[in-house]
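Visitor: Dropping the sequence and predicted coords here.
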Amino acid sequence: MHTFVLSDPSRCIGCRACEIACVKAHLGDYTGRVTRRQMPFAPRITVVHEAEVTAPIQCRQCEDAPCVSVCPAGAISHDGEVVRVDESRCFGCKACMAACPVGAIQVGRLPGKPDRLLAYKCDLCEDRDGGPACVSVCPANALKIMDGGELQRIAGGRRRHSALQVAFGQR
Amino acid sequence: MSTQVVSIDPMLCTGCRRCADVCPVDAIVGRRNEPQTIDASRCVLCGQCVLTCAAFMSPFDDGAELLPEMLRKRGLAEDDTAPLFAANFRIDRKKVAGMLADPEKTTMVQCAPAVRVSIAEEFGKAPGTLSPGKLAASLRRLGFDYVYDTIFAADVTVMEESSELLQRMETGGTLPMFTSCCPGWVRHVETAWPDLIPHLSSCKSPQQMAGALFKSYGADQVGKTAGEIASVAVMPCTAKKGEAERPEMQNDGFANVDAVLTVTELAAMLKEKDIDLDSLPEEEFDAPLGIYSGAGTIFGASGGVMEAALRTAIAVTSGKDVDESGVAFVESEEEPGVFRASVEVAGKTVRGVIVSGLAHVAPVLEAVRSGDADFEFVEVMCCEGGCVAGGGQPKLLPGVDVADAVARRRKGLHDHDRELPVRAAHRNPAVKALYENFLQKPLGERSHKLLHTHYGKEAGRHE
Amino acid sequence: MHARLSPFILVSASKCIGCRVCELACSAAHQRGGVSVGSLQVPLSPRLYLTSVNNVRVPIGCRHCEDAPCAEVCPNNAIIHTTDGVQVEEDRCVGCKTCLAVCPVGAMEMAQVWKRGKPAMRRVVDPSAPGGVRYEPASLASKCDLCRGREGGPACVDACPEKALTLVDPIEVKRRRNFEAALALSRTYEEV
C-alpha cells in the first residue's frame, strides 16, 4: 500500500506553516526571487480555514486513484510509494482535478517552469532528507505519516482493544 | 525445514483442536488454545487433520510479512497465492518439477482411481465429477513421458491378493487376512497392533506395485533401464508419501515410487502452467500400464477392494464370469462402519469384513487378537468412505456437505466401473499379457520379488 | 430509540475456539469458486479478523455503526447507510485508506475486492515490464457486508462449528431483555 500523510483537524491551528514548508521543499534548482510570475506559490497541501473546520488537506495516495484512471495522457501512475505525475506528459487538462474526490491535485505553474500549466500534488517529499516537510514543520503535531505498516498497527491495535472489550463485556 | 509428511505449523495453529476431534488414532497432543503437535509414534499420516484445519494465515494477521519465508519453507514459490494452513502435508512439487525438467529421466506417472472423481473440483466442478480423459490429457501437458494408471496395478493386486487368500485358506496360513493397500491402515497395525502384522497380506499396495512394474516391465517396454525411470504417483492420500519412502519399497536399489503428489498438488501445478482442465480434450491413458478394469476402479471406494477381489475369485473358482459379485455387505447397528457378508468360493465359505474408517476397526481387531474372528478376509480403509475421502483430496469449504461430496465421489467411481468394457481384473488384457510375458503367475518368483513385501518395524530390504 | 438500528455480527467469547472457520467461510462467500479451497480464484481475504491479545482470541468485525466514522470520512461517498447496514460501494471506492485510519473498531481493511464484475486492478510503473507498465490488484476498502445478497445470510454465522457467532438485532435484543426483566420483576411482586 502507498504511504500517505493524514491530518488531524482537532490539532490543526491553521498556521499554514505546512503550506510554506511544502513550497520550500519543492523549489528544486530555483533560487530566484519570489514574485507572482516567476515563483508561483504552489503548495501541494491546502489548509482549509473555515468556520466549521481548520485542517490541511493533501493527497491520500489512493490505492485505485481516480486521477490515474482518468488522465488522458497516461501521465499519472502508481509508481513505488506514491501516485506520481509525469510532468513530461501532462498538458494541464484538469480531468484529474475533476476526478479527485479530496481536491488534492491541482493544475498551475510550478517554480522554474513559467510557461507550463501542470498538474501537481503531494509526492511525499521523496527527495527530501527527513521526509515530508509538512510533517517536520507542523507545530501542533497535526500531520501524521501513515505507511502501510502504520495502518496495520493502528487497525490491529484497535481490534485487540475491541477483542478485550468483547471478552470482558461478556463476563 | 521439516520433512515430516504431515505436520502442524506452530506459527499458525490456534489450538482449537478440531483436528484432534477427527484424528482416528488420537495422535494430536496439546492444550486448548496452544499450538498442537503430532505424536509420530501414533500418527498414520492419513491427513484428515489437514482436511479439517481452517487456521490459515490471513493477509491481515500480525506477522503477515513472514509469508514469503513461510512459503519458501514449505517448498512453494514466494508469490504463490494458495493459503497456508496450520495442519499441512509436505509439498513435493519441486521434486517432481525437477524430474520433469531432467532430460536424462523418462517420467512415468500413475493416478489413483479417486483422482479422476475429484480433480475437477479444484477447477470449480461439482464433487464427484468423473474426468479420467481430461486427467490423462493434463498429465501429458505437464510433460510426463508415460501416463499410466494405478488402476492397472490395482487389477494386478486383485490377482496377487486373491491368490494369496486362497493359498492361505488351503495351506492353513494366517487368517483372517487383512488388505495392505492402505498405508495408513498398515501403519496403524504396525504401531498399535504389531502382534497382528502377520495377518496383513504380503502384497504391496497398487501404488507400489505400479512403481515396481514401471522400473522393470515398464522400462523393458520402452527400452530404458530402471535407473532412467522417474516414477511419480498422483494420490488422494498423504500417507502414500510416507509409503513410497519406506526402505523396503524398492527393488535392486531403486525406489518403486520416487515422488507422490496429492490431487491438490497436481491441480496447483496445472494452474501454475495455465493448464485449464476443463478445456482439455479427452485422452486415453497409455498402454500397457494404463489399461484398466472396472474392478480396479472401485478400489478408491470403501468396499471396492473386496468387491473387486470377489469378482475374480468367484470367476476363477467357479468358471463363471461375473460383472459384479452380487454380494451385499451389511452394516449392523452394533458395529457402525463395519460391513459383513459371506460368499461361497471354491466350495468354501469365505466370510468378508469391510471396515470403513480407522475409528471403527478396534472391535474387529480385538476379535482377531482373542481368536474369536469369524471371518477370513478383512478390507480396512483408514479414511471413512475410502480413498475418495483421503487427506490429499480437495479441501472442502465450510458449508459443503462432506458426506454428500464423498458419496458423489464414490458414485463417480461406481458409474465409471459400470461403463467400462472390462469389469473384472483377471479379464484385463494388459494384465493377462503382463502375466503371460513377464510375471508368469500370481505369487510366482517375479511377483514375489517385485510385488510382495514384509510389513513391520523390522521390515528389511527385500531382494 | 431509533426505529431501525442495523444488526451486526457479534461473537460469544466463551464459545469461540479460535478455529478460523468463520474467516475461511467469509473469504469463500465473497469470491467465485467451487466446493474446494483450491477452486477459489483469488487469495483468501476475510472481512472479520481473528484477533489475539493476552488470553483472548476472538474474531472482530464491523459493527455497522449508526454514526459510522468510515461513512463520514469517505471523500467519495463510497460508504453508505443502507437497510442492510453500512455498505462499501466498491465501484466508488478509490482506496484512499482514510476509513481504515478512522475506524475505532479496527473493522476496515484494504483488500483485493471485485469491482465491476472482476478483481479491481490498477496500472503500475514497472521498468522491467513490457511498455514500462504492468497491472496488479488494487486494494480497496473491505469490511463485513453482512453477506448482503447471500442466501442464508452471513456465511460466518452459518459456518461456525461452535455457534459462537450471531447476527445481533439490537432492537430485538432490547425487547427480549425488557420482557425478561419485566417478567422477573413481576415474579418478585407476586411474592409480596
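Guide: On my side now, so go ahead.
Visitor: ok, which stretches of chain A are helices?
Guide: Along chain A, counting by DSSP state H, helices occupy A:17-25, A:66-70, A:95-99, A:133-137, A:148-169.
Visitor: list the buried ones in the worst-scoring helix or strand of chain A on mean pLDDT?
Guide: Every helix and strand of chain A was ranked by mean pLDDT, DSSP states H and E. The lowest is strand A:113-120, at a mean of 90. Neighbour counts over strand A:113-120 (16 or more other CB atoms under 10 Å in any protein chain shown) mark A:L118, A:A119, A:Y120 as buried. Every residue, glycine included, has its C-beta placed from N, CA and C.
Visitor: Report the spatially closest residue to residue 25, excluding sequence-adjacent ones.
Guide: Went with chain A since none was named. Using CB to CB, 6 or more residues apart in numbering or on different chains and skipping residues adjacent in sequence, the residue nearest A:A25 is A:A133, 3.8 Å away.
Visitor: not quite, I wanted chain C
Guide: What sits nearest to C:A25 in space, not counting adjacent residues and going by CB to CB, 6+ apart, is C:A159, at 3.5 Å.
Visitor: again, but for B:L420
Guide: Counting by CB to CB, 6+ apart, B:G294 is the residue found nearest to B:L420 once chain neighbours are left out, at 4.2 Å.
Visitor: check contacts around that neighbour.
Guide: Shown in contact with B:G294 (CB atoms under 8 Å, 6 or more residues apart in numbering or on different chains): B:D323, B:H416, B:D417, B:R418, B:E419, B:L420, B:V422, B:R423, B:A424.
Visitor: For these, could you give me TSV that also reports secondary structure, neighbour count and pLDDT?
Guide: Formatted as TSV, the contacts of B:G294 follow (DSSP: H, G, I helix; E, B strand; the rest coil; neighbours: other CB atoms under 10 Å in any protein chain shown; pLDDT from 0 to 100):
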residue	secondary structure	neighbour count	pLDDT
B:D323	coil	16	93
B:H416	helix	20	97
B:D417	helix	22	97
B:R418	helix	13	97
B:E419	helix	11	97
B:L420	coil	16	97
B:V422	coil	19	97
B:R423	coil	22	97
B:A424	coil	25	96
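Visitor: and residue 122, what does it touch?
Guide: Picked chain A for this. A:F4, A:V5, A:C22, A:R44, A:I45, A:Q58, A:C59, A:Q61, A:V82, A:A104, A:P132.
Visitor: Wait, chain C was what I had in mind.
Guide: Under the criterion of CB under 8 Å, 6+ apart, the neighbours of C:R122 are A:E63, A:D64, A:A65, A:V68, A:H78, C:Y135, C:E136, C:P137, C:A138.
Visitor: ok, 7 Å please
Guide: By CB atoms under 7 Å, 6 or more residues apart in numbering or on different chains, the residues touching C:R122 are A:D64, A:V68, A:H78, C:E136, C:A138.
Visitor: Out of the residues you listed, which end up buried?
Guide: Buried residues within the contacts of C:R122, counting neighbours by 16+ other CB under 10 Å: A:D64, A:V68, A:H78, C:A138.
Visitor: SS state for the spatially most central residue of chain C?
Guide: Residue closest to the mean C-alpha point of chain C, counted by CA atoms, centre = their mean, is C:C144 at 1.3 Å. Assigned state for C:C144: coil (three-state reduction, DSSP: H, G, I helix; E, B strand; the rest coil).
Visitor: Determine the number of other residues adjacent to whichever residue of the stretch 101-250 of chain B sits closest to chain A.
Guide: Using CB to the nearest CB, the single residue of the stretch 101-250 of chain B nearest to chain A is B:G124, 27.3 Å away. Applying other CB atoms under 10 Å in any protein chain shown, we find 18 residues neighbouring B:G124.
Visitor: And it, how far from chain C?
Guide: Look at B:G124 and chain C: by CB to the nearest CB, to the nearest Å, they are 4 Å apart.
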